[in-house]
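1. I'd like to go over a predicted model; first the sequence, then the structure.
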Amino acid sequence: MRSGHRVSRLAAAVVCSIGLLFHGKAAAGEIDPSTLALLKDLKPLTEDLARYRYLAKTVRKFPEGQQRLVAMQFLATTESELGLYAQALRDFPIDSRKNYTDPLPAPGEWQTVDAAAAIAHAAQGRRLVLINEAHHDPHTRELTLALLPRLKAAGFTHFAMEALGDTDTELATRGYPLQSSGSEYLHEPLLGEIARKALQLGFVVVPYEADSATTAGRESGQARNLYQRVFAAHPGARLFVHAGYAHIDKAKGRLGNVAPMAAELARLTGIEPLSIEQTQFREAHPQVPHAAYDQLVAGFKVTAPVVLERKAAGTPGEVATSLYWSADPKLHDISVILPPDSHSSKEADVVRYSPMGDLLFPMRIPMDEGIRPDWLDLGEQRYPVPIEGTLCDDTFPCLVEALYAQESDQAVAADRFAFLRSGVHSSLYLFPGKYRLRARDADGRVLGERAIEVSGAEK
């Protein structure tokens, strides 16, 4: 993707997210000049660690308000791209989960069912399924990975992913994404795994981003691209879309008076979308309460991605989205509840000064910064491989990543973790197979490399 397009698309994504956080206010406005200035500063920083170091150093210099919110959003998203998932949740500036004040489903009337199985069931006979994510929270990518084989087996033909660019003409032939195949979001390993899995399953993988300085232009442009590249070009196509936040909404609301991409696509095609919302009922920072989410998790004992199904659900084999609970049926058809991370600490963070001496402010570091979320095993499909900073040649910060042995050095990593200081122990989560373990500094210089093999006996 050309860097100018990447910058404009990231800027538009930020405007959309900030507008969403403020319930649609100014959602369709122009990009703030301070955001453009920040993006200009970030543009030459092609290494994720370099971008992290810059953002961590400068974020507190910005005044309170939207400018700092934008910078902190970039910081949290960059942390997620570096495998620092707990830190990304901690540092995202606002609780982006939509508030819910209506009566909650009662366990006596509803039951939990596996989210992937329920969505595949609801998708029978459908031609358009959309699911959303929170860009800084890769937990919202686990379910898409589980859905890909189910929807392919059900006859879906095309898969569209927001982060992909349209300049990687060798993607389908190669069979895996490069870090240059899309926006910085694609540097995050689970998003790369989604693209890799879709290609392996035989989906036609479709980029659909639109260049626009306004939310309204971006939503309509995305819908138009999907219509032209999928349904107009392939009249019998069935499409699965992975998008951010409110793009999947079926009506106006979260983006103010702007029609979301899904609503625009439905208008263009005449196809009723099946819309899946999974950003509302998930864990943000473990110390940030969300009354509805906390009650649902406790009442239904949620330990895996689930949806709620009516206990009096009709005849066996009946396909109806009304069987499944939606927190806002006007906007989306099914609400997913993601489980909390059993590894997260409920204790107060410890305030330490950052190991990078050039920082101007103290960072809040988790009690054990090497602990990573339990969901990274993807339902016991991946195995923890212990890592430490010894591969970094005493250079910090340092990024340790595992690349599939048969893929190029430019491929999106299978997993990665950034060591911000020495003395930290962590793990990479990997499928069985052969990998190259590589350590790099903030300038991209390789500090160490070795081959490893994951047998599946690591647990």
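-> Looks like it arrived, so ask away. Residues are numbered from 1 along each chain as shown.
2. where does the stretch 1-150 of the chain have low pLDDT?
-> Within the stretch 1-150 of the chain, the segments meeting pLDDT under 70 span 1-31.
3. now the helices for it?
-> 3-21, 33-42, 48-58, 66-81, 85-91, 115-122, 142-153 (DSSP state H, counting those that start in this stretch).
4. any chance of those in JSON lines, plus mean neighbour count and distance to residue 451?
-> C-betas here are computed from N, CA, C, even on glycine. Below are the helices of the stretch 1-150 of the chain laid out as JSON lines (neighbours: other C-beta atoms under 10 Å; distance: least, C-beta to C-beta, whole Å):
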{"stretch": "helix 3-21", "mean neighbour count": "20", "distance to residue 451": "33"}
{"stretch": "helix 33-42", "mean neighbour count": "16", "distance to residue 451": "34"}
{"stretch": "helix 48-58", "mean neighbour count": "21", "distance to residue 451": "23"}
{"stretch": "helix 66-81", "mean neighbour count": "23", "distance to residue 451": "24"}
{"stretch": "helix 85-91", "mean neighbour count": "23", "distance to residue 451": "26"}
{"stretch": "helix 115-122", "mean neighbour count": "22", "distance to residue 451": "34"}
{"stretch": "helix 142-153", "mean neighbour count": "20", "distance to residue 451": "26"}
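5. residue 262 is nearest to which of these?
-> Checking these against residue 262 by C-beta to C-beta gives helix 3-21 as the closest, at 13.6 Å.
6. and the strands in the stretch 301-450 of the chain?
-> Assignment of strands within the stretch 301-450 of the chain using DSSP state E, counting those that start in this stretch yields the ranges 306-310, 334-337, 350-352, 363-365, 383-388, 398-404, 415-419, 425-430, 433-440, 446-454.
7. for those, which has the smallest mean pLDDT value?
-> Taking the average pLDDT of each of these, the minimum falls on strand 350-352, with a mean of 39.
8. circling back: reformat the strands of the stretch 301-450 of the chain as TSV; add mean neighbour count and distance to residue 176.
-> Converted to TSV, the strands of the stretch 301-450 of the chain look like this (neighbours: other C-beta under 10 Å; distance: least, C-beta to C-beta, whole Å):
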stretch	mean neighbour count	distance to residue 176
strand 306-310	22	31
strand 334-337	24	27
strand 350-352	11	38
strand 363-365	16	34
strand 383-388	17	20
strand 398-404	23	7
strand 415-419	25	14
strand 425-430	22	15
strand 433-440	19	13
strand 446-454	13	18
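9. coming back round to it: so which of the helices of the stretch 1-150 of the chain comes closest to residue 401?
-> Taking C-beta to C-beta, helix 48-58 is the member of the helices of the stretch 1-150 of the chain nearest to residue 401, at 10.0 Å.
10. quick check: angle from that closest one to strand 398-404?
-> Going by axes from the mean of the first three to the mean of the last three C-alpha atoms, to 10 degrees, helix 48-58 is angled at 150 degrees with respect to strand 398-404.
11. of all the helices of the stretch 1-150 of the chain, which one is nearest residue 103?
-> Of all the helices of the stretch 1-150 of the chain, the one in closest proximity to residue 103, counting by C-beta to C-beta, is helix 115-122 (21.6 Å).
12. nearest to residue 154, out of the strands of the stretch 301-450 of the chain?
-> Nearest of these (C-beta to C-beta): strand 334-337, 15.8 Å.
13. can you show me the helices along the stretch 251-400 of the chain?
-> 261-269, 291-300.
14. show me the contacts for residue 375.
-> Counting by C-beta atoms under 8 Å, 6 or more residues apart in numbering, residue 375 touches 139, 142, 339, 341.
15. from the residues you listed, which is closest to residue 423?
-> Closest to residue 423 out of the contacts of residue 375 is residue 341 (23.2 Å), distances taken as C-beta to C-beta.
16. tabulate the strands of the stretch 301-450 of the chain (TSV), appending distance to residue 218.
-> TSV is the format used below for the strands of the stretch 301-450 of the chain (distance: least, C-beta to C-beta, whole Å):
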stretch	distance to residue 218
strand 306-310	29
strand 334-337	24
strand 350-352	39
strand 363-365	33
strand 383-388	38
strand 398-404	31
strand 415-419	29
strand 425-430	33
strand 433-440	33
strand 446-454	37
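17. which one of those lies nearest to residue 257?
-> In this view, these are compared for proximity to residue 257 by C-beta to C-beta, and strand 334-337 is the closest at 23.9 Å.
18. give me whichever of the helices of the stretch 251-400 of the chain is most buried.
-> Using mean count of other C-beta atoms under 10 Å, the stretch among the helices of the stretch 251-400 of the chain with the greatest mean number of neighbours is helix 261-269 (a mean of 22).
19. tell me what that one is packed against?
-> Contacting helix 261-269 under the criterion 3 or more C-beta pairs under 8 Å, 6 or more residues apart in numbering; DSSP states H and E are the following elements: strand 128-133, helix 215-226, strand 239-244.
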